[in-house]
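Trainee: sharing a model prediction with you, sequence too.
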Amino acid sequence: MWMMLRERWNSTNRLYNSTQNGKTAGGPWDCCNTDPVHTPLPLTRLRTFSRRIRMRHRRKRCVGFANLKLAIISDRLPTYRKELPLVRLMIRAASKSCIHEAMLLTRLGRFQEALKAYAPFAEHGVSSPELLIAIGLATLHMSILPKDVTADQRLVLMAAGDAAYKFMKGDQDAARAAFNDFFQRYPTVRNAHMSYGTLLTSFGPDAAMPQFKAELEVAPDSSDALIMLAWSLLMQSRSEEALPYAKHAVQNQPEQAASQLVLGRALADTGDVAGGIEHLEHGLRLEPDNLEIHIALARAYSKSGRDDDALRERALCLQMTRNHAAQLANP
């Protein structure tokens, strides 16, 4: 068991070091001096948090580590007090790996994935100033590690991170107030409206679109905001309104699959089916596994009378959906 813990910790350090461009680092928390799991969790929260981390780490090939932790908590409750120090140690190790994963995703520019990786900490009330800064980096789309944050950036990042943290915690009123306060204090900061709008998409396009429009007022060339605004309009069958935003997105990022998708959808839905198919096929060459593009192509082929191609795309969509369901069932 201790060998397994040590190996998990060592692999985490190796992963961190691999992102440092050859630089030596002492460990994943050198860039984040405060351990976010700084207080013991009640038993019920500990079990829930453990299950959440277990599912996350099953995808990261450490199912044995997480299963052992869960077994200690759920199957050996009579010895809970005896095992509590070990449980805390294992929770800390897994939590450090989770936050480490989120920081790596931020550095790679995969900001929405990073915010999803931070969500368990907010959901279980785990917080620290350094964690808020790390969340702020993902919120403001800054591809750096927390250790590289300058002194004058800390307040801005903590404010952005705090707003996103409150949203992920489920306190929508507090999150709305925190984001509005951020917008008033830092009206020219890019990507804050974008991130808030993306978080609000879970409540539907109507909730998110005002934030995407606000982002375009701050950054008119924001491809992400153009794409998300066009997509939100398409989801409401407002293809004519989506078309100019989609065209602008393709002008900015012609080699981005998402921009080709929204323009292809908008063109096909407004009568230019041939033009829509051209852009959708271009997007598919960029991202062959993009399910939304396959769905849009199936519709466009059907409209153009290419029934065999439409049937092929529908079969691909069905197979991709089954594969995704199988992955969720067996992470």
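Mentor: It's in.
Trainee: grab the CA positions of the helix or strand hosting residue 166 and hand them over as PDB.
Mentor: Per DSSP states H and E, residue 166 falls inside helix 154-169. The C-alpha trace of helix 154-169 is given here as PDB (Å, rounded to 0.1, in the frame of the first residue of the first chain):
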ATOM      1  CA  ARG A 154      -3.000  38.100  -7.900                       C
ATOM      2  CA  LEU A 155      -6.000  40.300  -7.000                       C
ATOM      3  CA  VAL A 156      -7.500  40.100 -10.400                       C
ATOM      4  CA  LEU A 157      -7.100  36.300 -10.600                       C
ATOM      5  CA  MET A 158      -8.400  35.800  -7.100                       C
ATOM      6  CA  ALA A 159     -11.500  37.800  -7.900                       C
ATOM      7  CA  ALA A 160     -12.200  35.900 -11.100                       C
ATOM      8  CA  GLY A 161     -11.400  32.600  -9.300                       C
ATOM      9  CA  ASP A 162     -13.800  33.400  -6.500                       C
ATOM     10  CA  ALA A 163     -16.600  34.200  -8.800                       C
ATOM     11  CA  ALA A 164     -16.200  30.900 -10.700                       C
ATOM     12  CA  TYR A 165     -15.700  29.000  -7.500                       C
ATOM     13  CA  LYS A 166     -19.100  30.300  -6.200                       C
ATOM     14  CA  PHE A 167     -20.800  29.200  -9.400                       C
ATOM     15  CA  MET A 168     -19.300  25.700  -9.300                       C
ATOM     16  CA  LYS A 169     -20.300  25.500  -5.600                       C
END
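Trainee: which helices and strands does that helix pack with?
Mentor: Applying 3 or more C-beta pairs under 8 Å, 6 or more residues apart in numbering; DSSP states H and E, one finds that helix 154-169 contacts helix 111-123, helix 129-139, helix 172-185, helix 192-200. C-beta here means a position set from N, CA and C on the backbone, and glycine is covered the same way.
Trainee: so which elements touch the first one?
Mentor: Okay, so that is helix 111-123. Against helix 111-123 (3+ C-beta pairs under 8 Å, 6+ apart) you get helix 43-58, helix 80-107, helix 129-139, helix 154-169, helix 192-200.
Trainee: ok, now the shortest one?
Mentor: Under the contact criterion of 3+ C-beta pairs under 8 Å, 6+ apart, helix 192-200 touches helix 111-123, helix 129-139, helix 154-169, helix 172-185, helix 205-218, helix 223-235.
Trainee: make a markdown table out of those and add distance to residue 325, mean neighbour count and mean pLDDT.
Mentor: As requested, the helices and strands packed on helix 192-200 are arranged in a markdown table below (distance: least, C-beta to C-beta, whole Å; neighbours: other C-beta atoms under 10 Å; pLDDT from 0 to 100):
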| stretch | distance to residue 325 | mean neighbour count | mean pLDDT |
| --- | --- | --- | --- |
| helix 111-123 | 19 | 20 | 91 |
| helix 129-139 | 28 | 26 | 95 |
| helix 154-169 | 26 | 22 | 97 |
| helix 172-185 | 30 | 15 | 97 |
| helix 205-218 | 25 | 18 | 96 |
| helix 223-235 | 23 | 24 | 96 |
